[in-house]
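In: Just the structure for this:
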Amino acid sequence: CHTSRMPTPKGKELAQNLPREELTHLILKLLQAWKEPLSHFNQHIEHHQELSDDSLSKAKQISNMVHELKTGVEKSMGIISNSLNGMASSEAAGLSISNEANLMSDSDFIHCFRRDSNKVQSYLKILKCRIMPENSC
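Out: Predicted coordinates for the structure are as follows:
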């Protein structure tokens, strides 16, 4: 996975110990790291004649969701990260995305995206519990 060298907490307990700002920054980095590869993936799958319109639509929805989620995290947490917004996604992640992500097979790409999506979801749950502890977290 192109984000595998990105330092992330190994396990829920370590993630829970990260300060709110650091965890939010990590979420933003993961989301930013997927912006460009998802765009390339969408372009790639548009040329697959065997894919249904439904599959193509879902791929575009995922890309839009990542963009909206990144924007929402920035707004809701009150963080406008000029350093992340001003950088290309590969620079934001500190990785060479153009080569590594684009060379993955479709199944590897989806596996990596699912792995990182699960991380983002877990980190968001941790933040939600910190912000709204009344939710019985």
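In: Please make it C-alpha for all contacts and neighbour counts, starting now.
Out: Fine.
In: count of neighbours near residue 66?
Out: 18 (other CA atoms under 10 Å).
In: which ones are touching it?
Out: 31, 34, 35 (CA atoms under 8 Å, 6 or more residues apart in numbering).
In: Out of those residues, list just those in helices.
Out: 31, 34, 35 (DSSP state H).
In: Out of these, which one has the lowest pLDDT?
Out: Looking at the ones in helices among the contacts of residue 66 by pLDDT, the weakest one is residue 35, with 83.
In: Just to check, that residue is in contact with residue 65?
Out: No - taking contacts as CA atoms under 8 Å, residue 35 lies outside contact range of residue 65: 10.4 Å.
In: Mind checking which of these two has more residues around it?
Out: Each of residue 35 and residue 65 has its neighbours counted (other CA under 10 Å); residue 35 has more, 18 against 12.
In: And the strands in the protein, which stretches?
Out: For the chain, no strands are identified by DSSP state E.
In: what about it, any weak spots by pLDDT?
Out: 46, 48-53, 55-56, 74-104, 135-137 (pLDDT under 70).
In: try it again with 50
Out: Residue ranges of the chain with pLDDT under 50: 80-98.
In: all helices of it, in order?
Out: Using DSSP H, helices in the chain cover 12-17, 20-46, 53-76, 82-85, 89-93, 97-100, 106-131.
In: And the ones you listed: which comes nearest residue 1?
Out: Counting by CA to CA, residue 1 lies closest to helix 106-131 out of these; the figure is 5.5 Å.
In: And that closest one, what's buried?
Out: 109, 112, 113, 116, 117, 119, 120, 122, 123, 124, 126, 127 (16 or more other CA atoms under 10 Å).
In: if we can go back for a sec, quick one: which of the helices of the chain is nearest residue 6?
Out: So among these, helix 89-93 is nearest, using CA to CA, at 6.8 Å.
In: how much space between residue 42 and residue 71?
Out: 20 Å (CA to CA, to the nearest Å).
In: The two: which is more packed in?
Out: Neighbour tally, residue 42 and residue 71, criterion other CA under 10 Å: the higher count belongs to residue 42, 18 against 15.
In: Test my guess that that one contacts residue 60.
Out: Yes - under the criterion of CA under 8 Å, residue 42 is in contact with residue 60, at a separation of 6.6 Å.
In: Good, wrapping up.
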